[in-house]
Each structure stands twice: as structure tokens, then as C-alpha cells.
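Enquirer: Using only what follows, build the 3D model:
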Amino acid sequence: MHAFKLTGLRQMALMEVPAPEIRNATDVLIKMARVGVCGSDVHYYETGRIGSQVVQYPFTVGHEGAGVVVAAGPAVTRVKAGDRIAVEPAMPCHACDQCLAGRPHTCRRLRFLGCPGQAEGCLSEYLVMPEGSCFPIPNGMTLDEAALSEPLAIGVYAVKQSIPMAGATIGILGAGPIGLSVLLPALAQGAAAAYVTDKIPARLAVARRAGATWTGNPLETDIVQDLAAAEPLLLDAVFECCGDQAAIDQALRLLKPGGKLMLIGIPPTLEKYGFSVDLMRRKEICIQNVRRQNHCVQTALDLIRDHAFDVTLMLTHRFPFRDTPRAFDLVANYRDGVVKAMIDI
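Expert: Predicted coordinates for the structure are as follows:
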């Protein structure tokens, strides 16, 4: 079969690789159909690393996927050949202290698609995953929507970990796919106002279509001043979705006393953030990290199924499999108003 692999910084090649095989009774063989290009994939493409996770070339990235079941191991009961599925990229051990405590997303032996040192990604024609990572989708759901359930599930989990949304005023710093994946469920759960920022006008336009109360570009306006004018009591929660120190600084100023800062963005090379102890202490700010999508994939799929919102509004570009390098180059350079690029396998 064919797979696209990173071969160096900003370099990718289509390679012939051995087709995966069912080896365990709970394995599922999947013919991949859609793969979304994620910001973390692009970090590996541009810098060869995210923090301590360093790519050893050649390496296949990709973890936002959907496809069709080709075959299943003898112990599989959740899916069968012919089923269309969304792929949950996490493969926990289900036996360590974290898994037993209901935290498979921080499993001690976690394997995650497209994560160096853990598992090759899904930018390939076929993939084998454990049954627990395969979520059947209903007939009315598209494969695009199934693939988009992966970033959406992160947003669903972030909202769940934050505060009750009913009547809340929130800020979302960064209107890429993750920021939009926070915005959609937050509004669906009753957030009274959602203020969204980004440096790319096209992304702000998508946020407005998604229902943002207000959008602002930090390159053009004083975000803190403008939001303080609109919300004199400031915000109940701020979701930092871009992995940027300047956004952290803004967030602390935007939060009301007792507010909650949600850290979701991934800085590709930054080792440390800085926080104003003075602001944090006087406001008694709570800081919560968000690690992927703990137990929220099915919830995300249910929201899509029930038409709680249109998750496809973030899908702006589509590429055939052979043009995968062009897709990565587009996303890496933020060209043509790209929000989410989808690859058809």
C-alpha cells in the first residue's frame, strides 16, 4: 500500500509500505477515506518536533481520520466489514492507574496515531486500529463529518472541563479548527456571549458564521480594551487555542476574578509559559490544561448526528491523496484563508 511520510523538514514523500494486518482478536482493518490536516501534524512537518516528541524520519503523521471497515478480528463486536467509522487516534492500555481512574488520555502506555515514538499516523491507504478506537457512524453522517469529530471532541472535552456554559461569557483566543471546535459546543450548551480572536481575517469570518458574538484581530485592535468595554465585569472563562505567550497574557487580563483559563493550544517548540503572578493571585485565576478528548468522541459524533451545529463550516480546502504535500504547505503558510484542509485517500 501507499503512505505519505515525512522525510525531512517541510519534506514529504509517497512511499510503498507493507500493508497492515490483523494480528490481535480485537483488531480492525480500515480502508482510509478522509484525513484532516491538524496543526500538530504541521508542527512536525515544519519543525520535526513538538516539545520532547521528535520525529525520526521517515515517519507518517495524521490522526484525524475516517474510513470503511474491511475486516475485523474474531473478538470484535462493535463494527463489521462495510461499516463507515470515525477513528479515535488514542490507543490506551486500559490497565494502568490512569486508565483505571477514567483517564485513558493520560495512559502510562498510550499509543497515539502520528505521534513520534508511539504509532505511525493514518496518512495511508489502510490502517489497523483496536476495536475501541473505531466508532460507527450513522447513514446520514458524511465521512468528512466523521473525520472532523476528532478535533471537535477536543473542544467538547475542553468545554466539559471548564465551567457551566449556561449564561457564561467566554473568550476564545485562536479561531483555527480547535478554537472553532470549542465555540460550537459552547454555544450549543448555552454560552451567553463568545468573543473570538485571531490574526487571520478569514478565520474570524468563519467564527462569525459559527455564531461568535464578536471577533477581533489583535494586529488591528486592542483586544483587552475592546472586550472590557463590551463586558465590564470581564469573562468567566478564556480558552487559549493558539499556543502563544501573548495570548496567555491577554487571557489573564480578560478573565474576571474567579475566572478559568483553559490551555489547549500546542506551542511547537516553546518549553515554558510565563504567567503574571500578580494578576493570577489577585483574581484567584484557575488554570486547566486540556489533553486531547477524554471520552468525548461519541459525544462529538452525537452532536453532529443531531445537527446541533454544522461542523463542516471549518472545512475550507480539499486535496486528493497525491497532493498531500501541497495541503501541508498550504496549512503551514496559512494561505488562501485555510481553516481545515481535508485529504481524500
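Enquirer: for this protein, what are the low-confidence residue spans?
Expert: By pLDDT under 70, the low-scoring segments of the chain are 270.
Enquirer: center of it - which residue?
Expert: Closest to where the C-alpha atoms of the chain average out (Cα atoms, centre = their mean) is residue 151, at 3.1 Å.
Enquirer: which residues does that residue contact?
Expert: Going by Cβ atoms under 8 Å, 6 or more residues apart in numbering, residue 151 touches 36, 38, 64, 177-178, 181, 340. Placement of C-beta: from N, CA and C, glycine included.
Enquirer: Neighbour-wise, give me the winner out of the residues you listed.
Expert: The most crowded member of the contacts of residue 151 is residue 181, carrying 32 neighbours; neighbours defined as other Cβ atoms under 10 Å.
Enquirer: helix/strand/coil for that residue?
Expert: When classified by DSSP: H, G, I helix; E, B strand; the rest coil, residue 181 comes out as helix.
Enquirer: ok, now residue 341?
Expert: Quick answer, by three-state DSSP: residue 341 is strand.
Enquirer: Which residues does it form beta bridges with?
Expert: Beta-bridge pairing for residue 341 (DSSP bridges): residue 317.
Enquirer: got the contact list for it?
Expert: Residue 341 makes contact with 36-37, 316-319, 327, 330-331, according to Cβ under 8 Å, 6+ apart.
Enquirer: The closest residue to residue 17 other than its chain neighbours and residue 46: what is the separation?
Expert: Sequence neighbours aside, residue 3 is the residue nearest to residue 17 in space, at 5.0 Å (criterion: Cβ to Cβ, 6 or more residues apart in numbering). Separation of residue 3 from residue 46 (Cβ to Cβ, to the nearest Å) stands at 20 Å.
Enquirer: same question, residue 82
Expert: 38 Å.
Enquirer: Pick out whichever of the two has more residues nearby.
Expert: A direct count of neighbours by other Cβ under 10 Å for residue 82 and residue 46 places residue 46 higher, at 16 against 8.
Enquirer: For the more buried one, give me its contacts.
Expert: Applying Cβ under 8 Å, 6+ apart to residue 46 gives the contacts 9-10, 268, 332.
Enquirer: again, only using 7 Å
Expert: Residues counted as contacts of residue 46 (Cβ atoms under 7 Å, 6 or more residues apart in numbering) are 9-10, 332.
Enquirer: on that earlier part again, and the helix or strand hosting the residue nearest to residue 17, what does it pack against?
Expert: Counting by DSSP states H and E, the element that carries residue 3 is strand 2-8. If contacts are counted by 3 or more Cβ pairs under 7 Å, 6 or more residues apart in numbering; DSSP states H and E, strand 2-8 sits against strand 11-16.
Enquirer: Indicate each strand paired with the strand it packs on and its parallel or antiparallel sense.
Expert: strand 2-8 (antiparallel).
Enquirer: just so I have it, where are all the strands in the stretch 151-300 of the chain?
Expert: Using DSSP state E, counting those that start in this stretch, the strands found in the stretch 151-300 of the chain span residues 169-173, 193-197, 214-216, 235-240, 255-263, 286-289.
Enquirer: Including distance to residue 248 and mean neighbour count, could these go into CSV?
Expert: Shown next, in CSV, are those (distance: least, Cβ to Cβ, whole Å; neighbours: other Cβ atoms under 10 Å):
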stretch, distance to residue 248, mean neighbour count
strand 169-173, 9, 27
strand 193-197, 13, 25
strand 214-216, 17, 18
strand 235-240, 6, 27
strand 255-263, 8, 19
strand 286-289, 10, 14
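Enquirer: Out of the ones you listed, which is closest to residue 28?
Expert: strand 286-289 (30.9 Å; Cβ to Cβ).
Enquirer: then that closest one to CSV, C-alphas only?
Expert: The C-alpha coordinates for strand 286-289 follow below in CSV (Å, rounded to 0.1, in the frame of the first residue of the first chain):
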residue,chain,number,x,y,z
CYS,A,286,-7.8,28.8,37.9
ILE,A,287,-5.7,27.2,35.1
GLN,A,288,-6.7,24.0,33.5
ASN,A,289,-4.7,22.1,30.8
